[in-house]
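> With the sequence up front, the predicted model follows.
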Amino acid sequence: MPINPNSLTYEGIIFFIGFMGCGKSRLGKKLAANTNRPFIDLDALIEQNESKTITQIFDEIGENKFRELEKTTLQNSHFPPNAIVSTGGGAPCFFDNMQWMNAHGLTFFIDTPIPILASRLIKGKAIRPLIANKTEQQLINYIETKLLERRPYYQKATISLAQADITPEIVIEKINKIF
Ligand code: S3P
């Protein structure tokens, strides 16, 4: 059923967070298209600002400096007030980024099960420097360990979305229940 763009009455920024491969950008793009709102992918914005891919940035300046760049891009970009923003999987877990997102908008954690993350990341690992060289088994171990470490940050999101809830309609329904 087509969504009426006006059905989303919340006017602030919506942030989608979660592990690599959870579907943040996909859901963000769909919701933005359905509600006529601007969509911003934080990694794409970093790439555009630096005129480099995320892989090149990791290679050239390393992860720590990438995290600083990620924080500055998140916190200093002045997103449109009704933007829909998807962040890289690590963004909520560094500095005060999670606190900042909660202070500046509504956060959604997309809680995708590990087998689904793994099957997507096997295919999409080449563009992700943290997993680019891992075998399938190493990748599964990495997801399990990292997700455990990151979950406490992700769980600071205002709303968690289970696999079955990853649709623009359900996101809108959940927001409208709060506002
Ligand atoms: C990262 C996730 C990536 C990207 C970078 C680091 C992470 O974004 O920011 O490769 O630390 O989880 P996606 O979650 O969009 O793949």
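Structure's in. What do you need?

> longest single strand anywhere in the protein?
strand 105-111 (DSSP state E).

> Give me the packing partners of it, helices and strands only.
Under the contact criterion of 3 or more Cβ pairs under 8 Å, 6 or more residues apart in numbering; DSSP states H and E, the helices and strands touching strand 105-111 comprise strand 13-17, strand 159-162, helix 168-178. The C-beta positions use only the backbone N, C-alpha and C, and glycine is treated the same way.

> among these, which is nearest the ligand?
strand 13-17 (8.9 Å; Cβ to the nearest ligand atom).

> how about JSON lines for the helices and strands packed on strand 105-111, with mean neighbour count added?
JSON lines is the format used below for those (neighbours: other Cβ atoms under 10 Å):
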{"stretch": "strand 13-17", "mean neighbour count": "26"}
{"stretch": "strand 159-162", "mean neighbour count": "16"}
{"stretch": "helix 168-178", "mean neighbour count": "16"}
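
> now the helix or strand following the longest strand of the chain, how far from the chain's geometric center?
Sequence-wise, the next helix or strand beyond strand 105-111 is helix 114-124, with elements assigned using DSSP states H and E. Relative to its parent chain, helix 114-124 has a centroid offset of 16 Å by Cα atoms, centre = their mean, to the nearest Å.

> circling back: so which of the helices and strands packed on strand 105-111 comes closest to L139?
Proximity to L139 (Cβ to Cβ) singles out strand 13-17 among these, at 20.6 Å.

> residues making contact with that closest one?
Identification of contacts with strand 13-17 by Cβ atoms under 8 Å, 6 or more residues apart in numbering yields 24-25, 27-28, 31, 79-87, 89, 91-92, 98, 101, 104-110, 154, 157, 171, 175.

> I'd say Q75 and M98 touch.
No - counting by Cβ atoms under 8 Å, Q75 sits too far from M98 to count as a contact (11.7 Å).

> And those two? Which one has more around it.
Neighbours per residue, other Cβ atoms under 10 Å: of Q75 and M98, the larger number sits with M98, 23 against 14.

> does I3 count as helix, strand or coil?
Judged by DSSP: H, G, I helix; E, B strand; the rest coil, the three-state class of I3 is coil.

> No further questions, thank you.
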